[in-house]
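[1] Predicted model follows, preceded by the sequence.
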Amino acid sequence: MNDCVFRLSEVSFSYKGVAALSGVTLDLPRGRRIALLGANGSGKSTLLRLLDGLHFPEAGRIEALGAPLSAAALADEATAIAFRRRVGFVFQNPDVQLFCPSVFDELAFGPLQLHWPRERIRGAVTRMLDAFGLTALANRPPHRLSGGEKKRVALASVLILDPEVLLLDEPTAALDPQATDDIVTRLETGFGAQAADRTLIFSTHDLDVVARIADHVVVLEAGRVVAEGPTASVLADTALLRRTRLLPAQAIPAVG
């Protein structure tokens, strides 16, 4: 069995001529909790979008789950459906992802697209509503929820399909401390039959979140991978973290 969920070889991508990723070569191992760590503009979100097949490299090659990940590959409907079933993506801004008239409908949308039987859908949605503390909100329009509630709905709507790989773009962005702790705890716990073996890949610049969730870290700077390794060793490298703007350049003197 392939021990990597994604393999990238010399991958580059740009937006209107501005480089976002430059020559990224990277293996992302299966069954790990991997943090893509970097300051704003380092290329984290772009990398996640490439891994989800929302963008495709201008140069280089990506393999996903042992097969090429390209526009040509996903043009085949059966291949695209199989890929979307196995790889789930949660956007940084849940408003981009939530569009159904109720929370119940949001959770049911993915299973409906995969033609699950109605009773299976109803049972799965009911279980996910309970697991994510959303039962009382089942009939509420998502746009009327708080930021933390929207994040929970977005995460539940992806995890209901029990994907092998879960991609998350800044999962705690714009959340207050309590909502952040709730999301992080849910990611630590995992959901579904594949929870123990699921690969989690998430972007962040929050070192506390990395310390709680990740067992492997990839550090990006200006569209390039500048470090990679076990969480403890990367977080212990304060010179690296300062150079990549993840820690202040120098400590601020205490007042008084």
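    Received, thanks.
[2] Please tell me how far the closest residue to residue 164 other than its chain neighbours sits from residue 112.
    With Cβ to Cβ, 6 or more residues apart in numbering as the measure, residue 86 is the residue that lies nearest to residue 164, at 4.7 Å, once sequence neighbours are left out. Where you see a C-beta, it was placed from the backbone N, CA and C, and this is true even at glycine. According to Cβ to Cβ, to the nearest Å, residue 86 and residue 112 sit 18 Å apart.
[3] if we can go back for a sec, so what's the residue nearest to residue 164 up against?
    Taking Cβ atoms under 8 Å, 6 or more residues apart in numbering as the contact definition, residue 86 lies against 65, 163, 164, 165.
[4] Neighbours of the first one, how many?
    The reference is to residue 65. 17 (other Cβ atoms under 10 Å).
[5] Correct me if wrong: it contacts residue 4.
    No - checked against Cβ atoms under 8 Å, the pair residue 65 and residue 4 is beyond contact range at 9.0 Å.
[6] Please enumerate the helices of the stretch 151-256 of the chain.
    The residue ranges that make up the helices of the stretch 151-256 of the chain, judged by DSSP state H, counting those that start in this stretch, are 177-189, 207-213, 231-236, 238-243.
[7] So which of those helices is nearest residue 105?
    The closest of the helices of the stretch 151-256 of the chain to residue 105 is helix 177-189. By Cβ to Cβ, the value is 21.3 Å.
[8] I'd like the mean pLDDT over the helix or strand encompassing residue 60, please.
    Counting by DSSP states H and E, the element that carries residue 60 is strand 59-64. Model confidence over strand 59-64 averages 97 on the pLDDT scale.
[9] elements contacting that strand?
    Strand 59-64 sits against strand 4-15, strand 18-29, helix 44-51, with contacts defined as 3 or more Cβ pairs under 8 Å, 6 or more residues apart in numbering; DSSP states H and E.
[10] Okay, now the sheet partners of the next helix-or-strand element following that strand, with direction.
    Next helix or strand after strand 59-64 toward the C-terminus (DSSP H and E): strand 67-68. Sheet partners assigned to strand 67-68 using DSSP bridges are listed as strand 59-64 (antiparallel).
[11] Now do the strand it pairs with: everything it contacts.
    In contact with strand 59-64 (Cβ under 8 Å, 6+ apart) are residues 4-12, 23-25, 50-51, 53, 56, 68-70, 83, 87.
[12] let's see 7 Å
    Where contact means Cβ atoms under 7 Å, 6 or more residues apart in numbering, the residues beyond strand 59-64 that reach it are 5, 6, 7, 8, 9, 10, 11, 12, 50, 69, 83, 87.
[13] neighbours of the residue nearest to the fifth one when sequence neighbours are not counted, just the number please.
    Looking back up the chat, that one is residue 9. The shortest distance from residue 9 to any non-neighbouring residue, by Cβ to Cβ, 6+ apart, is to residue 61 (4.8 Å). A count of nearby residues for residue 61, using other Cβ under 10 Å, gives 14.
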